[in-house]
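Student: can't give you the sequence, but here's the structure:
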């Protein structure tokens, strides 16, 4: 793995802002010189009525995603091919004074597995995050500390905190329509944030269909974490845990 200095959060998209323009992007350097973004009225006019899906503006080479929960945290730049995307993302590190598990802007995690869970907050260490996961499923016991949790030991406290996409499956990976096939971009960064190194693997496995070949490919471009995956599945499947 290549090494880079810590990347301050100020250099990443800030989900607290309601609007951000990336003037160095390809769109602003081409269409943005003479055209404007579609208005909300134009987007809604082309959107299917039955559900909220991205709307394509072919003449602008633009896809517009809209829904109540979309934030500027999703605006991570396009990076080529899955292996390079993940290896490059993992070279980014928070400054020690800023380190936390949570959203890119250090608010509580936006991951759908964790959202709205009791006492969700930014966690300053991997161990405190794991202790919280363990506490969640036994918190209704009169003495939670006395409840044995064999899965807690399967979660490694010594892994780094890295940027995690959180929803890595085939429908979020754009590839070329012609051969040889190349990956153009990974999209839909709604759940992205800072998480333990194994979290990307667990989320990708959980969202992959057991009978599809995609599930096997996950072990090729992500480092497998079988023990952490078992613990993840336990916490996710136990009623009242997550």
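Tutor: Looks like it came in fine. Remember, predicted model here, so these are calculated numbers, not experimental data.

Student: My read is that residue 223 contacts residue 201, right?
Tutor: Yes: counting by C-beta atoms under 8 Å, residue 223 does reach residue 201; the two are 6.6 Å apart. Any C-beta I mention is one placed from the backbone N, CA and C, and that applies to glycine too.

Student: Would you mind naming the helix or strand containing residue 163?
Tutor: strand 161-164 (DSSP states H and E).

Student: quick one: strands adjacent to whichever helix or strand comes after that strand?
Tutor: In the C-terminal direction, the helix or strand that comes right after strand 161-164 (DSSP H and E) is strand 173-175. Strand 173-175 has its sheet partners listed here by DSSP bridges as strand 183-186 (antiparallel).

Student: How is this protein divided into domains?
Tutor: What automatic domain parsing lists as the domains of the chain is 21-74, 78-237.

Student: hey, least reliable of those domains by pLDDT?
Tutor: Note on the domains of the chain: lowest mean pLDDT is at domain 21-74, with a mean of 72.

Student: Against residue 120, how distant is residue 44?
Tutor: 32 Å (C-beta to C-beta, to the nearest Å).

Student: Between these two, which is the more surrounded one?
Tutor: Neighbour tally, residue 44 and residue 120, criterion other C-beta atoms under 10 Å: the higher count belongs to residue 120, 15 against 12.

Student: residue contacts, the more buried one?
Tutor: Applying C-beta atoms under 8 Å, 6 or more residues apart in numbering to residue 120 gives the contacts 108-109, 114.

Student: hmm, back to that, deepest in the core, which of the domains of the chain is it.
Tutor: Mean neighbour count (mean count of other C-beta atoms under 10 Å) peaks for domain 78-237 among the domains of the chain, with a mean of 16.

Student: ok, then the element right after the helix or strand where residue 218 lies?
Tutor: For residue 218, the element it lies in under DSSP H and E is helix 214-221. Downstream of helix 214-221, the first helix or strand assigned by DSSP H and E is helix 226-237.
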